[in-house]
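**Q** just need the structure, nothing else, for what follows:
(chains A and B)
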Amino acid sequence: DGGITQSPKYLFRKEGQNVTLSCEQNLNHDAMYWYRQDPGQGLRLIYYSQIVNDFQKGDIAEGYSVSREKKESFPLTVTSAQKNPTAFYLCASSIGGAPDTQYFGPGTRLTVL
Amino acid sequence: GESVGLHLPTLSVQEGDNSIINCAYSNSASDYFIWYKQESGKGPQFIIDIRSNMDKRQGQRVTVLLNKTVKHLSLQIAATQPGDSAVYFCAENGGGGGADGLTFGKGTHLIIQP
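**A** Presented below is the predicted three-dimensional model:
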């Protein structure tokens, strides 16, 4: 089956710890994205990557880091510098170019204890 | 700044009735719009899209209408079913080629009453 997978579905972290969220896609999409979703708010872009080995900061990149070593994978690390990391994190991918439909994974809910 | 938003945060309809969810956008350069459905605890699902050179597009039980004059987008769901209960939000690509993703509205929570 083609699609986007995120793991784990639920993640708990102690304050001061870094944690990495996985995102994998087998759609052969060039572009991948990470969003954060908080209750009552729209999706906010953290980082995006249009091609392997390249990525750009989104609107709220502080406290986060990413890598894009493979086309299929775009892991997100939430560092201890992120002041309010508890949220629902969504990964998306798209073919790239315009207009560009993004397809989302199932999400990871991160809770900082 | 430019923004995409929705008129109503919650919409309650009777099962079997039609639903209309609205979205206003302010970026006149937007040329592509998408509606997503998000069920609780899940990722958004693509429903339907429309390009700015079109006024209307139909899918299975859904229709999207685009009024560029007043920068308004709507999603019509025919004969709503319990499975339609979800948050629906629109997204726009601001005419910039999708280089930095889509701009999303906050969403409307559609509640289907039996």
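**Q** least trustworthy helix or strand in chain B by mean pLDDT?
**A** strand B:4-6 (a mean of 48; mean pLDDT, DSSP states H and E).
**Q** for chain A, which segments are assigned as strands?
**A** For chain A, the strands defined by DSSP state E occupy A:4-7, A:10-13, A:19-25, A:31-37, A:44-51, A:54-57, A:64-66, A:76-78, A:87-94, A:103-104, A:108-112.
**Q** which elements pack onto the helix or strand just after the least confident helix or strand of chain B?
**A** Per DSSP states H and E, the first helix or strand lying C-terminal to strand B:4-6 is strand B:10-14. Contact here means 3 or more C-beta pairs under 8 Å, 6 or more residues apart in numbering or on different chains; DSSP states H and E; on that basis strand B:10-14 packs against strand B:19-25, strand B:108-113. In this view, the C-beta of every residue, glycine as well, is placed from N, C-alpha and C.
**Q** who wins for proximity to chain A among those strands?
**A** strand B:108-113 (10.2 Å; C-beta to the nearest C-beta).
**Q** quick one: contacts of the closest one?
**A** For strand B:108-113, contacts defined as C-beta atoms under 8 Å, 6 or more residues apart in numbering or on different chains pick out B:6-15, B:19, B:21-22, B:77, B:80-82, B:84-89.
**Q** ok, now stretch A:60-73?
**A** Contacts for stretch A:60-73 (C-beta under 8 Å, 6+ apart): A:22-26, A:28-30, A:32, A:34, A:36, A:44-47, A:49, A:51-55, A:74-79, A:81-83, A:85.
**Q** give me the beta-bridge partners of B:R51?
**A** B:R51 has these beta-bridge partners by DSSP bridges: B:Y32.
**Q** that older thread, reformat the strands of chain A as JSON lines; add mean neighbour count.
**A** Shown next, in JSON lines, are those (neighbours: other C-beta atoms under 10 Å in any protein chain shown):
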{"stretch": "strand A:4-7", "mean neighbour count": "17"}
{"stretch": "strand A:10-13", "mean neighbour count": "14"}
{"stretch": "strand A:19-25", "mean neighbour count": "19"}
{"stretch": "strand A:31-37", "mean neighbour count": "25"}
{"stretch": "strand A:44-51", "mean neighbour count": "21"}
{"stretch": "strand A:54-57", "mean neighbour count": "14"}
{"stretch": "strand A:64-66", "mean neighbour count": "20"}
{"stretch": "strand A:76-78", "mean neighbour count": "21"}
{"stretch": "strand A:87-94", "mean neighbour count": "24"}
{"stretch": "strand A:103-104", "mean neighbour count": "21"}
{"stretch": "strand A:108-112", "mean neighbour count": "18"}
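**Q** okay then, goodbye and thanks.
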